[in-house]
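Colleague: need a 3D model of the following:
(one chain, ligands or ions: 1)
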Amino acid sequence: AGCTGLVATHLNIQAGECIKVKGKILPEAKGFAVNVGKDHSNLVLHFNPRFDSHGDVNIIVCNSMEDGMWGTEERETDFPFQQGDKTEICISFDTAELTVKLAGDKEIIFPNRLGLENIEYLSVEGDFAIKAIKFS
Ligand SMILES: C=CCO[C@@H]1O[C@H](CO)[C@@H](O[C@@H]2O[C@H](CO)[C@H](O)[C@H](OCc3cn(-c4n[nH]c(N)n4)nn3)[C@H]2O)[C@H](O)[C@H]1NC(C)=O
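Modeller: Model (predicted):
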């Protein structure tokens, strides 16, 4: 699993609340990921913008992980990220789906495949310098 940065556990984020991750994408970024779920092996969302990694260029890969096994990827080619830029990602969810609000009023919806009712785990990994994390 990539070079892990921040990990937060024992959170108790309920449906309808937001997780806001603010930071700066490194100038030569290959990719970064924001993971939320129950723990590191049970992710309701692995949100992974790729500038140039795993053969993908400027694609957002979203996936889930259940008991350490990846689910089926969903890919988004509308890519509102630039290397070297500051960015803010807001993740909210309910038992049916997660909504990721991005710059430029872009939204990505991803199914809550694990049916999680609360989020206890957050990690941010890859070429991203965190400035602030806010739970609201
Ligand atoms: C075409 C060849 C076979 O498909 C490729 O298979 C790769 C390996 O599964 C896929 O890359 C992984 O895709 C995952 C999301 O589906 C992750 O982005 C993974 O990133 C590194 C990573 C994170 N983690 C991790 N995070 N948290 C935990 N517990 N583990 N483990 N590995 C990547 O290594 C890659 O996205 C996928 N490409 C396509 C086009 O499907």
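Colleague: ok, residue 99 touching residue 93?
Modeller: Yes. Judged on C-beta atoms under 8 Å, residue 99 makes contact with residue 93 at a distance of 7.0 Å. Every residue, glycine included, has its C-beta placed from N, CA and C.
Colleague: which one's more surrounded, the two?
Modeller: Shown here are residue 99 and residue 93; by other C-beta atoms under 10 Å, residue 93 has more neighbours (25 against 14).
Colleague: so that one bridges to which residues?
Modeller: Judged by DSSP bridges, the bridge partners of residue 93 are residue 98.
Colleague: equivalent analysis for residue 111, please.
Modeller: residue 97.
Colleague: need the contact list for it.
Modeller: Residue 111 sits next to 96, 97, 98 when contact means C-beta atoms under 8 Å, 6 or more residues apart in numbering.
Colleague: in the protein, where is pLDDT below threshold?
Modeller: Counting by pLDDT under 70, the ranges of the chain that qualify are 1-4.
Colleague: get me the contact residues on it for the ligand.
Modeller: Counting by C-beta under 6 Å from any ligand atom, the residues of the chain close to the ligand are 1-2, 35, 40-41, 46, 48, 54, 61, 63, 65, 70, 73.
Colleague: element containing residue 116?
Modeller: Using DSSP states H and E, residue 116 maps to neither a helix nor a strand.
Colleague: quick one: residue 73 and residue 65 touch, right?
Modeller: No. Applying C-beta under 8 Å as the test, residue 73 and residue 65 come out as separate, 11.1 Å apart.
Colleague: comparing the two, which shows the higher neighbour count?
Modeller: Remark: of residue 73 and residue 65, residue 65 carries more neighbours, 22 against 13, as counted by other C-beta under 10 Å.
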